[in-house]
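Asks: here's my sequence, what's the structure:
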Amino acid sequence: MVLLIRELNTGDVMRGRAGKIEYQIKRFGNFIKVFFRNKLGLAGIIIILAFTFMAVGAPLLTDKDPVRDENLAGDLAAPIWIKWLPSFLGGNPSLSENFQPLKANFADGIQGANCISDSSYVGLDWESNFGYEGGSLLVSFKRTETGVLYGLNNVTVYYDFHFPYGSSPRRFYASTKIFVNGTFQTYVKKVFWFYNLSEPDPSKAIVYNYTEGRMLVAPPVVRIFIQRLSDNAKWYVWPLQNTTKYFANGTIFDITEDWINVRISSHDSDVRTIAYNGVIDVSVETFKQTPGDYRYGFDISFVDKFNSTIPVNTNIYIDDVSFYCAGRAYGLLGTDAHGRDLWSQLVYGARVSLYVGVLSAVISVVIGLIVGLCAGFLGSAVDEVLMRITDFWLVVPFLPLMLILVSVFGPTLDNLIIIVGLLGWMGFARVVRSQVLSLKERAFIEAARAVGAGRSHIIFRHILPNVMSLVYVTLASSVPGAITIEAALSFLGFYDPVRVSWGRMLNEAMFIGGGVLNWWWVIFPGLCIALLAMAFILLGFALDEILNPKLRLRK
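Replies: All right, here's what the predicted structure looks like:
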């Protein structure tokens, strides 16, 4: 009989739990029905879901890294759709796009490559098993006779291409690999200089210094050029002597012990600046006449003027030739001052705003809820101490304190979330306290105390469920504040250096990229900040209308 009673009690408990779960499901379903009849809340949740998809699906929306992928196009490139706008709206159909006419590793030669030589002693061949997979281009000079010098021997290897756009590229990049070897000899070089012209003893007035080394007998001079075929204007953009030494006009060339990596870049400047590492800035004046036909190539000269007593063989291997023009129009939103994709920055910026906004709001609401519950329910000294602490933080200037803390602890996102959360709970704590003071005097709380309910039971089973509507509304309405605070700090320069946010985009647009001229760089992140903040505000209004009994009765 006892076992039967226990089974019945267990069944009653299970049915009671199932009934509670069924009641909660039905209650949530009714809430969803009411919520979807609220147009403001529905609009807000659609916008939030759209930005959530943007944040979560960022790798699907773009394959570019917003920080690391630089030089994707010319710096400050316009969006591609600018080309399709009418001219009175700022459209420019002639803007150049990314263009790469040449990229080859000489496996079978470059399609369309040509060679011109003024000497029968220079040979051109495809070397199939040297240096890199796919082979390389071999340009060689050979002299088998002795007692004779062949002087200067020139060869030009070039590739012609057509540039199709009506405006010059923002900049161009070129690269190749070069290896030099051949017949060499040892040398002794005597260096002297006068250190004291007034010294009567000549042996003290002149100092001699002898050095030993090796040099190519017939050293080469390599120059890379771009030529405009319409008027045959020619620009030499890389002389080999910037990265190696060569014996011509009194300078010594040593044979290379490894491949030389040649990198060339141009900028919008009329100033020619040749750096020691071989990187050169040359004006985009090269592509002034567009569209048009152009030539990219190598002028190679072998200098056979120094030693006729031995046969000579000098080899130059050229591989991985690339020529790339960075356009003035790119992607959905163009590029920033470093050639990074603005669309990818906008997409990944949604992650930062949602991450900062939601977590900061959760931290501030949780702290405010705990402080408000303790102050309102416990009262007396606890209430007095907690409220005085709350009043102190309420009167502290928020923005100066925020700037100081971010400067001290660093502008990382985690620090920003913690700081915003710790400084945003005071107002909600006072609201919760006032609500708890009202609730704990009501009859159902007195009834719970009369049957022996403890403090924790009363707080978690009776007080907390009655203030949760405030939690939901405050949580939704606190997110916009955190989003705008992050955007404001990033705009002032306090942004995480490894992540891109909408506020950082505005900062770089205004202070680096000339945001007034590149209006798309400012408009779209600004609209995203406004839309996401507005969406959470609309959601907060909708929740307040649904969960607030006074508003429900009024309607």
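Asks: residues contacting residue 287?
Replies: Neighbouring residues of residue 287 by CB atoms under 8 Å, 6 or more residues apart in numbering: 163, 168-169, 172, 228, 294, 325. Bear in mind the C-beta positions are built from the backbone N, C-alpha and C, glycine included.
Asks: then residue 116?
Replies: 155-156, 158.
Asks: picking up where we left off before, can you tell me which of the contacts of residue 287 are in strands?
Replies: 163, 172, 228, 294, 325 (DSSP state E).
Asks: turn the contacts of residue 287 into CSV, including pLDDT.
Replies: Output for those, formatted as CSV (pLDDT from 0 to 100):
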residue, pLDDT
163, 92
168, 86
169, 88
172, 86
228, 89
294, 91
325, 90
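Asks: most neighbours of all those, which one?
Replies: When neighbours are counted by other CB atoms under 10 Å, residue 325 leads those with 27 neighbours.
Asks: pull up the gap between it and residue 286, please.
Replies: According to CB to CB, to the nearest Å, residue 325 and residue 286 sit 10 Å apart.
Asks: before we move on, what about residue 51?
Replies: For residue 51, the distance to residue 286 - CB to CB - is 44 Å.
Asks: common neighbours of residue 325 and residue 286, please.
Replies: In contact with both residue 325 and residue 286: residue 172, using CB under 8 Å, 6+ apart.
Asks: residue ranges with poor pLDDT in the stretch 401-550 of the chain?
Replies: Within the stretch 401-550 of the chain, the segments meeting pLDDT under 70 span 513-516, 549-550.
Asks: now do the helices in it.
Replies: For the stretch 401-550 of the chain, helices defined by DSSP state H, counting those that start in this stretch occupy the ranges 413-422, 426-439, 443-450, 455-458, 464-491, 502-511, 520-547, 549-554.
Asks: what are the buried residues along the first one?
Replies: By neighbour count with 16 or more other CB atoms under 10 Å, helix 413-422 contains the buried residues 413, 415-421.
Asks: now, which of the residues you listed sits nearest residue 458?
Replies: Nearest to residue 458 out of these is residue 421 (CB to CB; 27.8 Å).
Asks: not counting sequence-adjacent ones, nearest residue to that closest one?
Replies: residue 363 (2.7 Å; CB to CB, 6 or more residues apart in numbering).
Asks: quick one: pLDDT of residue 12?
Replies: Turning to residue 12, the model gives it a pLDDT of 53.
Asks: which stretches in the stretch 51-200 of the chain count as strands?
Replies: Taking DSSP state E, counting those that start in this stretch, the strands of the stretch 51-200 of the chain run over residues 99-104, 113-117, 122-127, 136-143, 151-163, 171-182, 184-194.
Asks: just want the angle from whatever helix or strand residue 261 lives in to strand 171-182.
Replies: Using DSSP states H and E, residue 261 sits in strand 260-265. With axes from the mean of the first three to the mean of the last three CA atoms, to 10 degrees as the basis, strand 260-265 and strand 171-182 are set at 160 degrees to each other.
Asks: closest one to residue 316 among the helices of the stretch 401-550 of the chain?
Replies: Closest to residue 316 of the helices of the stretch 401-550 of the chain is helix 502-511 (CB to CB; 43.6 Å).
Asks: packing partners for the closest one?
Replies: helix 342-378, helix 464-491, helix 520-547 (3 or more CB pairs under 8 Å, 6 or more residues apart in numbering; DSSP states H and E).
Asks: same list (those helices) but as TSV, adding distance to residue 451 and mean neighbour count.
Replies: Shown next, in TSV, are those (distance: least, CB to CB, whole Å; neighbours: other CB atoms under 10 Å):
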stretch	distance to residue 451	mean neighbour count
helix 342-378	18	22
helix 464-491	18	21
helix 520-547	28	20
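Asks: of all those helices, which one is nearest residue 30?
Replies: helix 520-547 (10.2 Å).
Asks: other SSEs contacting the closest one?
Replies: Helices and strands touching helix 520-547, by 3+ CB pairs under 8 Å, 6+ apart, are helix 2-36, helix 39-56, helix 342-378, helix 464-491, helix 502-511, helix 549-554.
Asks: of those helices, give the one that comes closest to residue 533.
Replies: Here helix 464-491 is closest among those (CB to CB), at 3.6 Å.
Asks: perfect, I'm done here.
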